[in-house]
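K.L.:
Fold the following for me, if possible:
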Amino acid sequence: MANVSDILKRDMNLFLNDLDGECKISDTSSDINLVADFTEYNPLHNGHFHCMKTAKHHFPDSLFVAVVPGLFERSGRGIPYILPRQHRAEIAISVGADIVVEGPPMGVMGSGQYSLCLCKMFQALNTSHIPRGYKKVEGIDEILRRINMGHHVAPKPYRIVDKTTGETLLKGKLEEDNYVITSFANSLSKIGFDFKDKFLFVERIEGVSGTLIRQSILEDNFSGVLDMMPEKTVEVLKQAIKDDDIIYGIRDVESILDTANNFTFNQLAALNLFNDKLAQNIMDNRPFDNLSELKESILHGFSTHFKERIISILENPIEKNSVSEYIDRYPSNIRILGYKNEECLERFKQKINNENISLFMG
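P.N.:
The predicted model follows:
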């Protein structure tokens, strides 16, 4: 089994180093087109592969960069990824990506926080085009049209609005993939990134379920999901199972309980995503002997994944102020998780406008 404790300690050091770093902007004059996609690849399945192939078909001479969230190996749902990021990068390169860079630490941030970081990464990459999968539902075509017009489209409680015109484009909620698009467009507008005509929206294909794939991995039985993934994904997953390198669902329980049982009220209240009420509730119900008891004491939050994100924060205790500073400096360092060849790496360096580039040594 992968030593999750060691992974988290390593990543905390990387986070703190990034927190101390300064983004060194460089002026670039490269005419290279860079297509950047942001995906967790948890794991990379045929839906992701279809989006990548479609983008490469539309922009055949462009450099394809996959932005893959990395630090702390916790997903947007707050739970551990299936594979450590070096494996996810390996699969992405094998099926067509030219460069894979590390994205922000999703599992220890709120959705608005990591959306803002992602947008700042796309700005640092001098991104020419952004492919993004979406689900075909009523009203989505007009939303996507407004986004490609460069309008400031934003999600609000139970509606989607065009802040450029003041119109309500849709009443009600959007499903996850479509919601992410509007949240991303909102954050791009906030940082002043001109995304007019830069999005390539790719309709999501049917017959692929990330949930079923993840369940098959826990059961070590791929027979029912083999046709949902590229061969390379299956190959890497089987090897990871053989090497006991799957991290899905594995927590550093000792660290989580230590934080919950021993932090003072002020220390808990200062953590990212925490407030005084949540901190007091944990104080009132401790000590905790296991995660189930702890989860019962975590109040419901703004999303269905709130409790798991709080567990990830207790596992990696980062204060609100540190996250705010991290976002301000992001990306202070562009960490490369993988690349196709030296030529692609050199073209990438010519394109981006951040001088701080490093290779991930996992």
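
K.L.:
can you map out the strands along the stretch 1-150 of the chain?
P.N.:
34-38, 63-69, 99-103, 130-134 (DSSP state E, counting those that start in this stretch).

K.L.:
what's the second one packed up against?
P.N.:
Spelled out, that is strand 63-69. Applying 3 or more C-beta pairs under 8 Å, 6 or more residues apart in numbering; DSSP states H and E, we find strand 63-69 packed against strand 34-38, helix 46-58, helix 85-94, strand 99-103, helix 111-124, helix 342-351. For the C-beta atoms, the positions are set from N, CA and C on the backbone; glycine is no exception.

K.L.:
closest one to Asn17 among these?
P.N.:
Comparing the helices and strands packed on strand 63-69 against Asn17 with C-beta to C-beta, the closest turns out to be strand 99-103 (12.8 Å).

K.L.:
which stretches of the chain have low pLDDT?
P.N.:
The chain contains residues with pLDDT under 70 at 1-2, 26-29, 301-303.

K.L.:
and the most far-flung residue of it relative to its centre, how far is that from Glu175?
P.N.:
No residue in the chain sits farther from the centre than Asp284, which is 33.3 Å out by C-alpha atoms, centre = their mean. Using C-beta to C-beta, to the nearest Å, Asp284 is found at 36 Å from Glu175.

K.L.:
Also Gly107?
P.N.:
For Gly107, the distance to Glu175 equals 21 Å [C-beta to C-beta].

K.L.:
More neighbours: which of those two?
P.N.:
Gly107 (26 against 11; other C-beta atoms under 10 Å).

K.L.:
Not counting sequence-adjacent ones, nearest residue to that one?
P.N.:
Arg74 (2.3 Å; C-beta to C-beta, 6 or more residues apart in numbering).

K.L.:
Quick one: residues contacting that neighbour.
P.N.:
Arg74 sits next to Pro80, Tyr81, Pro105, Met106, Gly107, Val108, Arg309, Ser312, Asn316 when contact means C-beta atoms under 8 Å, 6 or more residues apart in numbering.

K.L.:
Spatially central residue in the protein, please.
P.N.:
The chain has Pro69 as the residue nearest its centroid, 4.1 Å off, counting by C-alpha atoms, centre = their mean.

K.L.:
Return the residues in contact with that residue.
P.N.:
Here Pro69 is in contact with Phe38, Glu40, Ser75, Gly76, Arg85, Glu102, Gly103, Pro104, Pro105, Met106, Tyr114 (C-beta under 8 Å, 6+ apart).

K.L.:
Also Asn186?
P.N.:
If a contact means C-beta under 8 Å, 6+ apart, then Asn186 has Ser115, His152, Val153, Ala154, Pro155 as its contacts.

K.L.:
With respect to Ile256, which of those residues is nearest?
P.N.:
Relative to Ile256, the closest of the contacts of Asn186 is Ser115; by C-beta to C-beta it sits at 25.7 Å.

K.L.:
Endpoint to endpoint, stretch 144-161 covers what distance?
P.N.:
One end of stretch 144-161 to the other measures 12 Å (C-alpha to C-alpha, to the nearest Å).

K.L.:
buried sites along stretch 350-357?
P.N.:
Using 16 or more other C-beta atoms under 10 Å as the test for burial, stretch 350-357 gives Lys351, Ile352, Asn354, Asn356.

K.L.:
tell me which of the residues you listed is nearest to Phe199?
P.N.:
Nearest to Phe199 out of these is Lys351 (C-beta to C-beta; 18.9 Å).

K.L.:
quick one: the helix or strand Val202 falls within to helix 46-58, angle?
P.N.:
Per DSSP states H and E, Val202 falls inside strand 199-203. Strand 199-203 runs at 130 degrees relative to helix 46-58, counting by axes from the mean of the first three to the mean of the last three C-alpha atoms, to 10 degrees.

K.L.:
So which elements touch strand 199-203?
P.N.:
Judged by 3+ C-beta pairs under 8 Å, 6+ apart, the packing partners of strand 199-203 are helix 46-58, strand 130-134, helix 140-148.

K.L.:
Compare the ones you listed and give me the one nearest Asp18.
P.N.:
strand 130-134 (23.5 Å).

K.L.:
so what does the closest one touch, helix or strand wise?
P.N.:
The elements that strand 130-134 packs onto, with contact taken as 3+ C-beta pairs under 8 Å, 6+ apart, are strand 34-38, helix 46-58, helix 176-190, strand 199-203.

K.L.:
Now for Gly249, how many residues are close by?
P.N.:
For Gly249, the neighbour count with other C-beta under 10 Å is 12.
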